[in-house]
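Visitor: can't give you the sequence, but here's the structure:
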């Protein structure tokens, strides 16, 4: 960074009304205002100078900008201010991390004793070295998949114990505790203190992270800090810390900066909170909201059950009002009458069928009796059988002395053949057309 060359050089007469060492003593001290006015008068003799550095802080208040420039070589910084009237003439994309050259003029506020530089011009030189290194590391870690949303672990709905890593007695710790306890009074914390900037920040934060990650009762870990300029937040972009967070088995919430701060820890954490207060709200559920939700769900359930019961009762009453259920004996009586009618018709049909078949049986019996040989025998005829049962149809079948069995209308008797006799001796039976032999009288 270029140094100033004041216009007033040693050896020249000091400005009037200036304070000199010989002008003051314990008995005759000068006033603070006179001392400040002397310093202001001396500084006003300095001219403007162009300086080169990296913007490490950029805060806007009332249209004016208050920031800091850093010399990356000598690690020196200056504070600067840009009035709103001057800001309109500067590039609109100036931001933290930009490497710039600026035309500055020293100024001293006599009332407050503050020293700063007013900026009358500023332009880009290139991306700041630190920002450039962080962007290269960000690209490398993204290529390795450390920022992949698929590897981020979900937060528990209601953590039993919250691990908190923050600075001792810090506002961030108070914000997390206060807002968490307001939302869920029974919430418990296990806090590990660590430096939140400087050389001790990274090793102490990693050690606290490993200790909380190994605790079996810790369900989620919050790393909290109350914001700051990129220079003070560099520890939370350290590659060692980023990889330690990625390797943790417990979900990690990053609550490092404000909305515009974006250290690498925000990208690798399982959840990024804009502030410590936001982290408390994201990690701990609101007991009032949960009670209201339960009451709402209970009310909806009661309403649905009431509607269902009312509907089912109406359906049941509708079914009970139907005639078939109101007077169930009606359908039984109707069916009984129908069954009785069908039974009567069946019986009548069976009786007619039996009567018809009875007549037919009698007719067939009469026909059978008319055709039966017993009828012929009953009229006085006989049938002669040989001993082997053969019916004698020819006289030659029964020679003399042949045994013959004669069947008549009532029974049978044995006889012996006398042999064939003449037709005239046979009597009228020989000429009977039926060929039957009349039984003897």
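Guide: Sure thing, it's come through. Quick caveat, the model's predicted, so the values are computed rather than measured.
Visitor: just give the number of residues close to the nearest residue to residue 198 once chain neighbours are set aside.
Guide: In space, and not counting its chain neighbours, residue 198 is closest to residue 235: 7.3 Å by CB to CB, 6 or more residues apart in numbering. Any C-beta I mention is one placed from the backbone N, CA and C, and that applies to glycine too. Applying other CB atoms under 10 Å, we find 24 other residues in the vicinity of residue 235.
Visitor: which is the next helix or strand following the longest helix along the chain?
Guide: Criterion DSSP state H: the longest helix present in the chain is helix 328-371. Counting by DSSP states H and E, the next helix or strand C-terminal to helix 328-371 is helix 373-378.
Visitor: and that following helix, how far from the chain's centre?
Guide: Centre-to-centre, helix 373-378 and its host chain are 105 Å apart (CA atoms, centre = their mean, to the nearest Å).
Visitor: report the secondary structure state of residue 253.
Guide: Using DSSP: H, G, I helix; E, B strand; the rest coil, the secondary structure recorded for residue 253 is strand.
Visitor: let me see the mean pLDDT of stretch 214-231.
Guide: The average pLDDT within stretch 214-231 is 86.
Visitor: so what's the most centrally placed residue in the chain up against?
Guide: Nearest residue to the geometric centre of the chain (CA atoms, centre = their mean): residue 154, 13.1 Å. Counting by CB atoms under 8 Å, 6 or more residues apart in numbering, residue 154 makes contact with 251, 270.
Visitor: part of a helix, is it?
Guide: No. Residue 154: not assigned to a helix; according to three-state DSSP it is coil.
Visitor: other SSEs contacting the longest helix of the chain?
Guide: Here helix 328-371 touches helix 323-326, going by 3 or more CB pairs under 8 Å, 6 or more residues apart in numbering; DSSP states H and E.
Visitor: now tell me what touches the helix it packs on from outside.
Guide: Counting by CB under 8 Å, 6+ apart, 319, 320, 330, 331 sit against helix 323-326.
Visitor: where's the first one relative to residue 329, distance?
Guide: What it means is residue 319. 18 Å (CB to CB, to the nearest Å).
Visitor: compare those two (neighbour count), which wins?
Guide: With neighbours defined as other CB under 10 Å, residue 319 and residue 329 compare such that residue 319 has more, 11 against 8.
Visitor: the more buried one: what's it in contact with?
Guide: Shown in contact with residue 319 (CB under 8 Å, 6+ apart): residue 325.
Visitor: next, it: secondary structure please.
Guide: Once three-state DSSP is applied, residue 319 turns out helix.
Visitor: domain assignment for this structure?
Guide: Split into domains by automatic domain parsing, the chain comes to 21-127, 132-285, 375-438.
Visitor: which of those domains sits most buried?
Guide: domain 132-285 (a mean of 18; mean count of other CB atoms under 10 Å).
Visitor: picking that back up, just put the contacts of helix 323-326 in TSV and tack on pLDDT and distance to residue 224.
Guide: TSV is the format used below for the contacts of helix 323-326 (pLDDT from 0 to 100; distance: CB to CB, whole Å):
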residue	pLDDT	distance to residue 224
319	84	65
320	82	67
330	78	81
331	78	80
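Visitor: for these, which one is nearest residue 269?
Guide: For the contacts of helix 323-326, the residue nearest residue 269 by CB to CB is residue 319; the value is 62.0 Å.
Visitor: distance of that closest one relative to residue 325?
Guide: 6 Å.
Visitor: over to residue 341?
Guide: Between residue 341 and residue 325 the computed distance is 26 Å (CB to CB).
Visitor: ok, now residue 199?
Guide: For residue 199, the distance to residue 325 - CB to CB - is 89 Å.
Visitor: all helices in this structure, in order from the N-terminus.
Guide: 32-43, 84-87, 129-144, 171-183, 201-214, 239-247, 264-268, 276-283, 287-320, 323-326, 328-371, 373-378, 423-426.
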